[in-house]
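Visitor: Quick one: sequence plus predicted model below, questions after.
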Amino acid sequence: MDSALANYSIGKDGFYNHVALTSDFPMGLEVAKAFGPYIHLTDGRKILDLISGIAVSSLGHGHPKVIQAIKDQVDKHLHVMVYGEFIQQPQSMFAKLLCENLPEGLDRIYLVNSGTEANEGALKLAKKYTGRQKLVGFKNSYHGDTHGALSVTGRDVYRDPFLPLLPDVAFGEFNNIDSLAIIDERTAAVILEPIQGEGGIIPADKNWLKAIRKRCTEVGAILIFDEIQSGFFRTGPFFAFMEYGVQPDILCIAKAMGGGMPIGGFVASHELFESFKKDPALCHVTTFGGHPVSCAAALANLQVLLEEEVGQKALAIEKMVKSTLIHPSVVEVRGKGAMLGMELISKDLTEKVVTTCLKEYDIMLGWTLHSNTLVRIAPPLLIEQTVLQEALMSILKVINEFSVPEL
């Protein structure tokens, strides 16, 4: 038997019989390799990844500088000590470069393994610093699936199976000025996404975001921005909050941070992080947070992002997508940069478009968790314009094929 086919058979058996699955209908595509915007399967197909592994692979898959940084670090050392004890060059260099490109007041990063962990740490830091317990989130938000992150996620369908969650959590309406009323002197933290991702690619209103910032300052609440999906130039600027001109007290980051390696972090001021060092010391720890291989990848990834000026590329992607995907069955294309959502007129059409694009045109699209009619479009920032244009024309062709003609 051909080795590729043999591996395919073994892979399917292990996946379906021994890997814990999250649904009864996994995509079941078996990956052989991935380079640039493409994922190559063991059956010979080449899939164009227009969701970047869910906003992770902003440089595309397997960028050579990221791969080389990983190989170089593997030859030096892997894990040597739990986070925060040893000086490790990849951690230090990445932290320095990151913070040098952030505004004053975002001076230190606590390195973790994922976006959910970043949000968990940020919530704990806010409670520790303020001595308060109340948390404020927003409806249709998504901050992760662990108990703390899920507690501030504004979607009951995901919360209800795991109740009770954290007490003293209030939810406001996103972009509704009346939400200011629930932020009071008991509030430890307000957590929000400047652009709601899984909630439907909904950008915050600038004036509303400024009002939230003002209210948090007035009552002494910590403002946390979850930029796990919108960060690292995906929306154009380095982070979305920079375009809004509204600075958080804590910035949570992950996804595109590691160039494909697992890593996350939450960034805050020296002052805030002082509270993690006492009463008691070591009150928030992690074994693998800031793993040297992931940090080496993150450093190389950030260097390339900065050198390539990918923010302009993200804006060019937005312009092309919004000007091309025009059709009576397309309600709108919303979002910023390369964090876009195409809303179609029905759930049935959305399912057919996403399924057919993958099955017949080898184009990977995606639904968000909270919407049956929104198609996620988040290509690698380095995708060639001709490749993207061809894919968009194929998407239009599929939309047209399944759209019901007007009588």
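Guide: Thanks, I have it.

Visitor: May I see the buried residues of stretch 383-396?
Guide: Of the residues in stretch 383-396, those buried by neighbour count under the rule 16 or more other C-beta atoms under 10 Å are 383, 387-388, 391-392, 394-396. For glycine as for every other residue, the C-beta is placed from the backbone atoms N, C-alpha and C.

Visitor: Can you spell out the domain ranges of the chain, please?
Guide: 24-55+310-402, 66-308 (automatic domain parsing).

Visitor: Please identify the deepest-packed of those domains.
Guide: domain 66-308 (a mean of 20; mean count of other C-beta atoms under 10 Å).

Visitor: how distant is that domain from the center of its chain?
Guide: Mean-position distance between domain 66-308 and its chain equals 11 Å (C-alpha atoms, centre = their mean, to the nearest Å).

Visitor: shift numbering so it begins at 28
Guide: Renumbered: residue one is now 28, and that last one reads domain 93-335.

Visitor: Endpoint to endpoint, it covers what distance?
Guide: End-to-end distance for domain 93-335, by C-alpha to C-alpha, to the nearest Å: 14 Å.

Visitor: now residue 49, what's its secondary structure?
Guide: Classification of residue 49 using DSSP: H, G, I helix; E, B strand; the rest coil returns coil.

Visitor: just to revisit the earlier point, in helices, which of the buried residues of stretch 410-423 fall?
Guide: Those of the buried residues of stretch 410-423 mapping onto helices are 414-415, 418-419, 421-423, per DSSP state H.

Visitor: And the closest residue to residue 398 other than its chain neighbours, its phi and psi?
Guide: In space, and not counting its chain neighbours, residue 398 is closest to residue 227: 4.7 Å by C-beta to C-beta, 6 or more residues apart in numbering. The phi/psi pair for residue 227 (degrees, to the nearest 10) reads phi 120, psi 20.

Visitor: Same list (the domains of the chain) but as a markdown table, adding mean pLDDT and distance to residue 39.
Guide: A markdown table is the format used below for the domains of the chain (pLDDT from 0 to 100; distance: least, C-beta to C-beta, whole Å):
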| stretch | mean pLDDT | distance to residue 39 |
| --- | --- | --- |
| domain 51-82+337-429 | 95 | 7 |
| domain 93-335 | 97 | 24 |
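
Visitor: Any chance of TSV for the ones in helices among the buried residues of stretch 410-423, columns distance to residue 248?
Guide: Below are those laid out as TSV (distance: C-beta to C-beta, whole Å):
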residue	distance to residue 248
414	45
415	41
418	43
419	42
421	47
422	43
423	46
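
Visitor: Relative to residue 151, which of these is nearest.
Guide: Set against residue 151, the nearest of these by C-beta to C-beta is residue 415 (40.6 Å).

Visitor: That closest one and residue 267, how far apart?
Guide: 21 Å (C-beta to C-beta, to the nearest Å).

Visitor: where exactly do the helices run in the stretch 228-377 of the chain?
Guide: Counting by DSSP state H, counting those that start in this stretch, the stretch 228-377 of the chain has helices at residues 233-246, 267-271, 297-301, 319-335, 337-351, 374-388.

Visitor: For residue 130, which of the ones you listed is the nearest?
Guide: Of all the helices of the stretch 228-377 of the chain, helix 267-271 sits nearest to residue 130, with 7.8 Å by C-beta to C-beta.

Visitor: where does the closest residue to residue 217 other than its chain neighbours land in three-state SS?
Guide: Leaving aside its sequence neighbours, residue 217 sits nearest to residue 163 (C-beta to C-beta, 6+ apart; 4.4 Å). With three-state DSSP as the basis, residue 163 sits in strand.

Visitor: And for residue 92?
Guide: Of the three states, residue 92 takes helix according to three-state DSSP.
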